[in-house]
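Peer 1: after the sequence you'll find the predicted model.
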Amino acid sequence: MVTNVTSFGRSGLYDWVVQRISAVVLGVYFIALFAYLLLNPDLDYQQWHALFSTTWVRIASLMALLSICAHAWVGLWTISTDYLTTYLIGPKATVLRLLFQAGSVALMFIYLVWGIQILWGM
Amino acid sequence: MLVSLYRYNPEVDAKPSMQDYELELPAGKDLMVLDVLELLKRKDPSISYRRSCREGVCGSDGMNINGTNGLACITPVSTVVKNGKLILRPLPGLPVVRDLVVDMTVFYTQFEKIEPYLINDKPVPAIERLQSPEEREKLDGLYECILCACCSTNCPSFWWNPDKFVGPAGLLQAYRFLADSRDTATDARLADLEDPFSVFRCRGIMNCVAVCPKGLNPTRAIGHIRSMLLQRAS
């Protein structure tokens, strides 16, 4: 058993499930959005604005936004624990890794709040 | 044929280097890579490598042959040589003891971690613990592993975290005991594998499957372990 306190759910299984579910949400959301763009080749701003004014599109978009954040956290955490390790780059790795992880979380939090503001502020 | 060999003796050399040997192969025969090494060792006795059974059973002579991990003793030269050149390097990702000999300690430590033996807390029967043919069949494709380390040393996740990620060879054996009807420690075994590294560092790229000299499929076994973990937790 390897202990780690910085992963998303502190369990590999939990992170793995989160990543798969968020991937499905993102897949469905973007395929639907892409289909909408294909079906409406003469899309103008008014129509696009109206689409994002409907509650269900906002809910779906918020779900996609939360999914991106969770998915990205698991992914970036994995990258940081693959390449920023004591094993690979020496003792300075722990500080670098924690800084990278803190930076990633801060960025995702900013994007999340900003995204909600855009979705519900229009 | 030109043989380019990785040479490194930590006691003498400052860093590893590749040494080229020109070798005349006997006509009309397709030698194995191990035969080539034996011929070279006659020319230069300082060349070091591990070998024992010379028929793909002991798993001693795992090495990187023209960029691909494999057992030298069962790899015909004709299948790997490109442009008349044979390039031999040690298994990647493990510390080199000398030339093609690597230190397999981290590999064995991971193997030890998964408790690769039958655990059964029930009283020992008079003769033996029986299995139905169907139960026994579940172990096919798992028990044949010879621990040559070709798979684990071909796995980037194992390269980056050899101290935390069990690796394909260890996980294949972990599943071998999870799938065994005679083993009663399934729950404890699964609990030990649930963390973010032991199993879940596997990204399913199947490098292990591509090189296994015994044709085994660690990625599939890892998939089964994930399903068991999911079932246990939901």
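Peer 2: Perfect, thanks for sending it. Residues are numbered from 1 along each chain as shown, chains lettered A, B, ... in the order given.
Peer 1: what about stretch B:162-172, near chain A?
Peer 2: Yes - using C-beta under 8 Å from any C-beta of the partner chain, we find that stretch B:162-172 touches chain A at B:162-164. Placement of C-beta: from N, CA and C, glycine included.
Peer 1: these two touch, right, B:L31 and B:I74?
Peer 2: No - assessed by C-beta atoms under 8 Å, B:L31 is found out of contact with B:I74, at 11.8 Å.
Peer 1: still on that earlier bit, just the residues of stretch B:162-172 next to chain A now: which is nearest chain A?
Peer 2: B:K164 (4.6 Å; C-beta to the nearest C-beta).
Peer 1: could you check how far the closest one is from A:I79?
Peer 2: Using C-beta to C-beta, to the nearest Å, B:K164 is found at 15 Å from A:I79.
Peer 1: okay, the two: which has more neighbours?
Peer 2: Each of B:K164 and A:I79 has its neighbours counted (other C-beta atoms under 10 Å in any protein chain shown); B:K164 has more, 21 against 13.
Peer 1: what number of residues lie near the closest residue to the more buried one other than its chain neighbours?
Peer 2: The shortest distance from B:K164 to any non-neighbouring residue, by C-beta to C-beta, 6 or more residues apart in numbering or on different chains, is to B:F197 (3.9 Å). B:F197 sits with 20 neighbouring residues when counted by other C-beta under 10 Å.
Peer 1: which of the residues of stretch B:162-172 next to chain A lies closest to B:S227?
Peer 2: Set against B:S227, the nearest of the residues of stretch B:162-172 next to chain A by C-beta to C-beta is B:K164 (22.1 Å).
Peer 1: that closest one: what secondary structure?
Peer 2: For B:K164, the assignment made with DSSP: H, G, I helix; E, B strand; the rest coil gives coil.
Peer 1: OK, contacts around it?
Peer 2: For B:K164, the contact set (C-beta atoms under 8 Å, 6 or more residues apart in numbering or on different chains) comprises A:2, B:197-198, B:201.
Peer 1: mind putting those into a markdown table with secondary structure?
Peer 2: As requested, the contacts of B:K164 are exported to a markdown table (three-state DSSP):
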| residue | secondary structure |
| --- | --- |
| A:V2 | coil |
| B:F197 | coil |
| B:S198 | coil |
| B:R201 | coil |
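Peer 1: would you turn those into JSON lines with distance to B:F177 and pLDDT?
Peer 2: Output for the contacts of B:K164, formatted as JSON lines (distance: C-beta to C-beta, whole Å; pLDDT from 0 to 100):
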{"residue": "A:V2", "distance to B:F177": "19", "pLDDT": "73"}
{"residue": "B:F197", "distance to B:F177": "19", "pLDDT": "94"}
{"residue": "B:S198", "distance to B:F177": "14", "pLDDT": "96"}
{"residue": "B:R201", "distance to B:F177": "20", "pLDDT": "95"}
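Peer 1: ok, of the residues you listed, which one's closest to B:V102?
Peer 2: Nearest member of those to B:V102, counting by C-beta to C-beta, is B:R201, at 20.8 Å.
Peer 1: who touches the closest one in this structure?
Peer 2: With the criterion set at C-beta under 8 Å, 6+ apart, B:R201 makes contact with A:78, B:157, B:161, B:164-165.
Peer 1: between which two of those is the distance greatest?
Peer 2: A:T78 and B:K164 (12.1 Å).
Peer 1: B:L100 contacts B:R89, correct?
Peer 2: Yes - B:L100 is within contact range of B:R89, at 7.5 Å (criterion: C-beta under 8 Å).
Peer 1: give me the common contacts of those two.
Peer 2: B:6, B:63.
Peer 1: show me which of those two is the more surrounded one.
Peer 2: Between B:L100 and B:R89, counting by other C-beta under 10 Å, B:L100 is the more crowded of the two (25 against 19).
Peer 1: tell me the contacts of the more buried one?
Peer 2: B:5-6, B:37, B:48-50, B:63, B:88-90.
Peer 1: got a winner among these for most neighbours?
Peer 2: B:M63 (30 neighbours).
Peer 1: quick check: closest non-adjacent residue to it.
Peer 2: B:M63 sits nearest to B:L100 (C-beta to C-beta, 6+ apart), 5.1 Å away.
Peer 1: what does chain A have sitting close to chain B?
Peer 2: So far as C-beta under 8 Å from any C-beta goes, chain A lies against chain B at A:1-4, A:7, A:10-13, A:15-17, A:78, A:81-83, A:85, A:87-88.
Peer 1: strands of chain B, start to end?
Peer 2: Counting by DSSP state E, chain B has strands at residues B:2-7, B:17-22, B:62-65, B:68-71, B:85-89, B:96-98, B:101-102.
Peer 1: just those: most buried one?
Peer 2: Ranked by mean neighbour count, the strands of chain B are led by strand B:62-65 with a mean of 25 (mean count of other C-beta atoms under 10 Å in any protein chain shown).
Peer 1: could you give me the buried positions within the helix or strand bottoming out on mean pLDDT in chain A?
Peer 2: Within chain A, judged by mean pLDDT, DSSP states H and E, the helix or strand with the poorest mean is helix A:86-89; its value is a mean of 88. For helix A:86-89, the neighbour count (16 or more other C-beta atoms under 10 Å in any protein chain shown) marks no residue as buried.
Peer 1: show residues contacting that helix.
Peer 2: A:83, A:93-94, A:96, B:160-163.
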